[in-house]
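Undergrad: give me coordinates for this.
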Amino acid sequence: MSDYPWLPNHQRHVLFSLAHADDLIAATARIQHAYMSKVPFDVKDVEDGERIRATVTRIAPLPEALPRYAADALNQLRSALEHVVYAEIEFRLGRALTAQEAISIEMPAQTTSDGFLKWLQRSSRASLRPLQAGEDLCERLRDLQPYHRQQPADHPLRRLVAHTNWAKHRTPAVAAVHLGAVRPEELVEGMVLSPASDRPIAVGDVLASIPRGVQVALDIWPKIAIQRPHDESWNILIHELRDLEEWVRKTAIPTLLAGTTDVQPLPPHLDITIGYPDFLTAVAAADPTPAAKRAERALQAEVARKGLLKLLLSHRTAADSADAIARLVARLSDDDVINFFAEAPTRDPRQLNTAIERMIIDARIAAFNS
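TA: Numbers count the residues shown, from 1 in each chain. The predicted model follows:
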């Protein structure tokens, strides 16, 4: 517990709530990755006078689990906050809340200072000592309010509450496929590329156009975005989940319980499908890497693995087996393939060629011994 002296015994439950949110974000990322890996839309070259237009002809429907897992993750993050507030008020009162008091407890998200004052004075909250002006819990709640930001709509708490109110009372999170980027294999004169979109992609959208008779391969990068209900803006889904999880875990919970963010944040990743004899055992088993970062690294590794395979195949001799090289690349760890490309710019050409030749030799040896 020495790393978390700011976390009182009556608030240890939040470790497991955060772990559940992390699991839900990880599930969202897995579903998204599976969908994106199958090419979410088809593109056809359509002749239009003297130009060829790469046009969207079909969009694969999003899996219905995707917005629901995302909404569940957001709801769990908000629940973690509200559980902390509820437990803190009861602890400071030294008694259980009455039924009427209990229904008045929530995590406020006010966009004006007057709105926060009215929230404090409403119903049974007004008589609760921990929510009186000047009490540290009251002031910590005040410090977390969206109205402190120049653009309250962008505040993480405002976004979290907007997402969860929508998901609880209207529909699951609103998610859609957008165009992330179009990257040509080479630039050609007269080429026009569509920029990243701030709206869902639609059948008939033109992603690029080139003069007739010119051929160039296009690398098309889609993205999945979530719509913020309160301002209707679209943002990359996994980034929204990442940012809100990080704010809850690193800012909101430490502020509520310690009055500062200058503490060791709780680890996000923990297997809660198994039981733990005590809190110390559980926290020792936790991983500090959040789901969004794990998913991002896995995607980096996948892209790097494909790039490394292509690079090695371009250097092989006729005697080298493509299958053996593919098996070698598949056996490499994610760290190995990511680090290969991360370190490549620092190597001189001879060092790089030596590293490539060594891997091809390893593939030959493995093929010979198999």
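Undergrad: and stretch 45-57, how far out from the chain's middle?
TA: Centroid separation between stretch 45-57 and its chain, computed with Cα atoms, centre = their mean, to the nearest Å, is 35 Å.
Undergrad: what about it, average pLDDT?
TA: Stretch 45-57 shows a mean pLDDT of 93.
Undergrad: please apply the same query to stretch 234-248.
TA: Regarding stretch 234-248, the rounded mean pLDDT is 97.
Undergrad: same check on stretch 64-82?
TA: Mean per-residue pLDDT for stretch 64-82: 97.
Undergrad: repeat that for stretch 139-149.
TA: For stretch 139-149, the mean per-residue pLDDT is 98.
Undergrad: alpha carbons of it, as PDB, please.
TA: The C-alpha trace of stretch 139-149 is given here as PDB (Å, rounded to 0.1, in the frame of the first residue of the first chain):
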ATOM      1  CA  GLU A 139     -14.100  22.300  -2.600                       C
ATOM      2  CA  ARG A 140     -12.600  19.300  -4.400                       C
ATOM      3  CA  LEU A 141     -15.900  18.800  -6.300                       C
ATOM      4  CA  ARG A 142     -15.900  22.500  -7.100                       C
ATOM      5  CA  ASP A 143     -12.300  22.200  -8.500                       C
ATOM      6  CA  LEU A 144     -13.400  19.500 -10.900                       C
ATOM      7  CA  GLN A 145     -16.300  21.400 -12.400                       C
ATOM      8  CA  PRO A 146     -16.300  22.100 -16.200                       C
ATOM      9  CA  TYR A 147     -17.000  25.800 -15.700                       C
ATOM     10  CA  HIS A 148     -13.300  26.300 -14.700                       C
ATOM     11  CA  ARG A 149     -12.300  25.700 -18.400                       C
END
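Undergrad: hmm, who's touching stretch 329-339?
TA: Residues from elsewhere that reach stretch 329-339, judged by Cβ atoms under 8 Å, 6 or more residues apart in numbering: 297, 298, 300, 301, 304, 305, 308, 309, 312. The C-beta positions use only the backbone N, C-alpha and C, and glycine is treated the same way.
Undergrad: pull up the distance across it, start to finish.
TA: End-to-end span of stretch 329-339 (Cα to Cα, to the nearest Å): 13 Å.
Undergrad: please apply the same query to stretch 254-265.
TA: One end of stretch 254-265 to the other measures 7 Å (Cα to Cα).
Undergrad: tell me the buried residues in it?
TA: Using 16 or more other Cβ atoms under 10 Å as the test for burial, stretch 254-265 gives 254, 255, 256, 257, 258, 263, 265.
Undergrad: what is the most widely separated pair among the residues you listed?
TA: Spatial extent of those (Cβ to Cβ) is set by the pair 256 and 265 at 12.9 Å.
Undergrad: shared neighbours of those two, anything?
TA: By Cβ under 8 Å, 6+ apart, no residue touches both residue 256 and residue 265.
Undergrad: residue 101 and residue 357, how far apart?
TA: Using Cβ to Cβ, to the nearest Å, residue 101 is found at 73 Å from residue 357.
Undergrad: kindly report the same for residue 293.
TA: Note on residue 293: its distance to residue 357, by Cβ to Cβ, is 34 Å.
Undergrad: check residue 107 too.
TA: Remark: distance between residue 107 and residue 357 (Cβ to Cβ) = 59 Å.
Undergrad: which of those two has more neighbours?
TA: Between residue 107 and residue 357, residue 107 has the larger neighbour count (other Cβ atoms under 10 Å), namely 22 against 12.
Undergrad: hang on, the more buried one in a strand?
TA: No. Assignment of residue 107 by DSSP: H, G, I helix; E, B strand; the rest coil gives coil, placing it outside any strand.
Undergrad: can you give me how far the top helix by length along the chain is from the chain middle?
TA: The helix that spans the most residues within the chain, counting by DSSP state H, is helix 65-93. Its chain's C-alpha centre lies 18 Å from the corresponding centre of helix 65-93 when counted by Cα atoms, centre = their mean.
Undergrad: that helix: what's the following helix or strand?
TA: As assigned by DSSP states H and E, the chain's next helix or strand after helix 65-93 is helix 99-102.
Undergrad: ok, then the element right after that next one?
TA: Counting by DSSP H and E, what follows helix 99-102 is helix 113-121.
Undergrad: quick one: buried residues of the helix or strand just after that next one?
TA: Later in the chain than helix 113-121, the nearest helix or strand by DSSP H and E is helix 136-143. Within helix 136-143, the residues that qualify as buried by neighbour count (16+ other Cβ under 10 Å) are 137, 138, 140, 141, 142.
Undergrad: just stretch 119-130 next, same as before
TA: Quick answer for stretch 119-130 (16+ other Cβ under 10 Å): 119, 120, 124, 125, 128, 130.
Undergrad: packing partners of the host helix or strand of residue 314?
TA: Assessed by DSSP H and E, residue 314 sits inside helix 291-315. If you count contacts as 3 or more Cβ pairs under 8 Å, 6 or more residues apart in numbering; DSSP states H and E, helix 291-315 packs onto helix 13-37, helix 237-247, helix 322-331, helix 334-343, helix 349-369.
Undergrad: distance from the chain centre to it, please.
TA: Counting by Cα atoms, centre = their mean, helix 291-315 comes out at 18 Å from the chain centroid.
Undergrad: report the buried residues of it.
TA: Buried positions in helix 291-315, judged by neighbour count with 16+ other Cβ under 10 Å: 291, 292, 294, 295, 299, 301, 304, 305, 308, 309, 311, 312.
Undergrad: distance of the third one relative to residue 287?
TA: Think residue 294. Relative to residue 287, and taking Cβ to Cβ, residue 294 is found at 8 Å.
Undergrad: what touches both of these two?
TA: Counting by Cβ under 8 Å, 6+ apart, the common neighbours of residue 294 and residue 287 are residue 269.
Undergrad: please compute how far stretch 258-274 lies from its chain's middle.
TA: 17 Å.
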